[in-house]
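# coords below, sequence missing:
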């Protein structure tokens, strides 16, 4: 039973005594080495020289060894723990002992099935382009050879852990339009998100911005975007989702970057098979950005045929040119006589009211439904004028 000052003096006395024994190993508990379902926990021995270093997990822990090995060839450690307890009483025969400090001395382990100690064997890092792993520099243990990702917080092209030199892959090296285009030449950026491998006629979501500040931020993110080379078999993914980033330029042209399930494919050129790169992340428009949303149709044939009210074919138009928003179906009481249909692989689009309002009819069970949409880009008259073949 100690006062606090007595306990401090006693701990210091034990510390000085153990130091004077010149053990081969003298220190305290280090980091946890392993555990099995909360039992059989082992710790690394941690060399220590200052008394304050020995206070670990609520007690003073002195761990020491003269270098002796057990029958398995493992180093034998002894462990002294000095715990600070709340005042308690212990009855022994007719005597009553008060105590507030518990001192334990253990040989090999702190508990029967747990609390063994081991040296933390020296190791080095083996670095490769795709990652790194530990390599033991001793004959008593092995480290897993599963590769861990490189860590690089600075721009010296070296891993902060293993110092492996590696090449930094930027998306702009492969999607070359990102290097060839000046941000000031971009009028708008559009993100088109869709599911892959689904039935034609399902909707894809389009988000577009013409805000110069937003365009500059998004374009800069793409300039700094890094990618990782991946095997071809890892890039060939069925299903999932895809994003098309469209850059609309001031000269009327556009550039597109297609990202499938987070991967970019360079494309095949003749006998050359393209390569796949996994994006570290995909820049996107925020909810707070000045952007507008619309929809489009997923299509595999790519075009639809326009018919007039007498069912005569007029022209074929790209389905991707149809961008629209949902409409409540409210139309003028007087029908204007604007009758066109567009036949697609997933059904008929009816333009019965105007050149920008159309509807789809479909069945679910025994119920017929009609859904109305309104074009927000080119209207049907503009598409017909653009894609009709003029006979001379």
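Good, I have the coordinates. Predicted model, so just to flag it, every value in this text is computed and none were measured. Numbers count the residues shown, from 1 in each chain.
# could you measure residue 158 against residue 46, distance?
29 Å (CB to CB, to the nearest Å). Yep, even glycine has a C-beta here, placed from its N, CA and C like the rest.
# got it, and residue 223?
Computed with CB to CB, the distance linking residue 223 and residue 46 is 46 Å.
# who's more crowded, those two?
Higher neighbour count among residue 223 and residue 46: residue 46, with 17 against 14, using other CB atoms under 10 Å.
# who does the more buried one bridge with?
Per DSSP bridges, the residues bridged to residue 46 are residue 28.
# thought it was touching residue 30?
Yes. The pair residue 46 and residue 30 passes the contact test of CB atoms under 8 Å, sitting 3.2 Å apart.
# Distance check, residue 317 against residue 35.
Applying CB to CB to residue 317 and residue 35 gives a distance of 66 Å.
# Touching both of residue 46 and residue 30, which residues are there?
Common contacts of residue 46 and residue 30 (CB atoms under 8 Å, 6 or more residues apart in numbering): none found.
# Below-threshold pLDDT in the protein: ranges please.
36-39, 138-143, 153-155, 329-337, 364-367, 390-392 (pLDDT under 70).
# In it, where's the longest helix?
helix 4-20 (DSSP state H).
# Counting by contacts, list what that helix packs against.
strand 59-65, strand 78-92 (3 or more CB pairs under 8 Å, 6 or more residues apart in numbering; DSSP states H and E).
# List the buried residues for that helix?
Neighbour counts using 16 or more other CB atoms under 10 Å place 7, 11, 14, 15, 18 of helix 4-20 among the buried residues.
# Skipping adjacent residues, who's closest to residue 238 in space?
residue 197 (5.9 Å; CB to CB, 6 or more residues apart in numbering).
# could you measure the most far-flung residue of the chain relative to its centre against residue 87, distance?
Here the centre of the chain is the reference, and by CA atoms, centre = their mean the most remote residue is residue 94, at 67.6 Å. Noted for residue 94: a distance of 21 Å to residue 87, by CB to CB.
# Next: residue 296.
Distance from residue 296 to residue 87, by CB to CB: 76 Å.
# Could you do residue 161 as well?
Taking CB to CB, one finds residue 161 at 49 Å from residue 87.
# Check residue 198 too.
72 Å.
# Check residue 270 too.
86 Å.
# can you check residue 135 too?
Residue 135 is 52 Å from residue 87, where distance means CB to CB.
# Just want to know which of these two has more residues nearby.
Using other CB under 10 Å, the more surrounded residue of residue 135 and residue 87 is residue 135, with 12 against 9.
# Please point out which parts of the helix or strand harbouring the more buried one sit buried.
Residue 135 is part of strand 131-136 when elements are defined by DSSP states H and E. Residues of strand 131-136 classed as buried by neighbour count (16+ other CB under 10 Å): 131, 132, 133, 134.
# which residues touch the residue lying closest to residue 99 once chain neighbours are set aside?
Residue nearest to residue 99 in three dimensions, not counting chain neighbours: residue 1, with 5.1 Å by CB to CB, 6+ apart. Shown in contact with residue 1 (CB under 8 Å, 6+ apart): 87, 97, 98, 99, 100, 101.
# Just read off the phi/psi values of the nearest residue to residue 195 once chain neighbours are set aside.
Nearest in space to residue 195, with sequence neighbours left out and distances taken as CB to CB, 6+ apart, is residue 241 at 5.5 Å. When read as degrees, to the nearest 10, the backbone of residue 241 gives phi -140, psi 160.
# chain center to stretch 22-42: distance?
Here the centre of stretch 22-42 is set off from its chain's centre by 34 Å, with CA atoms, centre = their mean, to the nearest Å.
# Can you show me the strands along the stretch 201-350 of the chain?
Along the stretch 201-350 of the chain, counting by DSSP state E, counting those that start in this stretch, strands occupy 203-209, 226-230, 241-249, 254-260, 263-265, 276-279, 292-297, 303-307, 313-318, 324-327, 340-344, 347-351.
# So for residue 60, which of those sits nearest?
Of all the strands of the stretch 201-350 of the chain, strand 226-230 sits nearest to residue 60, with 48.1 Å by CB to CB.
# who does that closest one touch, helix- and strand-wise?
strand 169-170, strand 276-279.
# ranking those by burial, who's on top?
strand 276-279 (a mean of 20; mean count of other CB atoms under 10 Å).
# Pull the residues that contact that strand.
Contacts of strand 276-279 (CB under 8 Å, 6+ apart): 169, 171, 174, 225, 227-232, 234-235, 259, 262-266.
# same thing but 10 Å
169-171, 173-175, 222, 225-237, 243, 259-266 (CB atoms under 10 Å, 6 or more residues apart in numbering).
# for stretch 164-173, same thing?
Taking CB under 10 Å, 6+ apart as the rule, stretch 164-173 contacts 125-132, 150, 152, 155-159, 178-181, 222-229, 257, 259, 264, 266, 277-280, 282-283.
# and what of stretch 27-44?
45-49, 53-57, 59-65, 77, 79, 81, 109-111, 113-121, 141.
# Kindly report the same for stretch 90-100.
So stretch 90-100 is contacted by 1, 2, 3, 4, 7, 83, 84, 85, 86, 87, 88, 89 (CB under 10 Å, 6+ apart).
# go with 6 Å
1, 85, 87, 88, 89 (CB atoms under 6 Å, 6 or more residues apart in numbering).
# what are the bridge partners for the fourth one, then?
It refers to residue 88. According to DSSP bridges, beta-bridge pairing links residue 88 with residue 99.
# Run a quick neighbour tally on it.
Residue 88, neighbours per other CB under 10 Å, totals 11.
# And the second one, by the same measure?
Number of residues near residue 85 (other CB under 10 Å) recorded here: 11.
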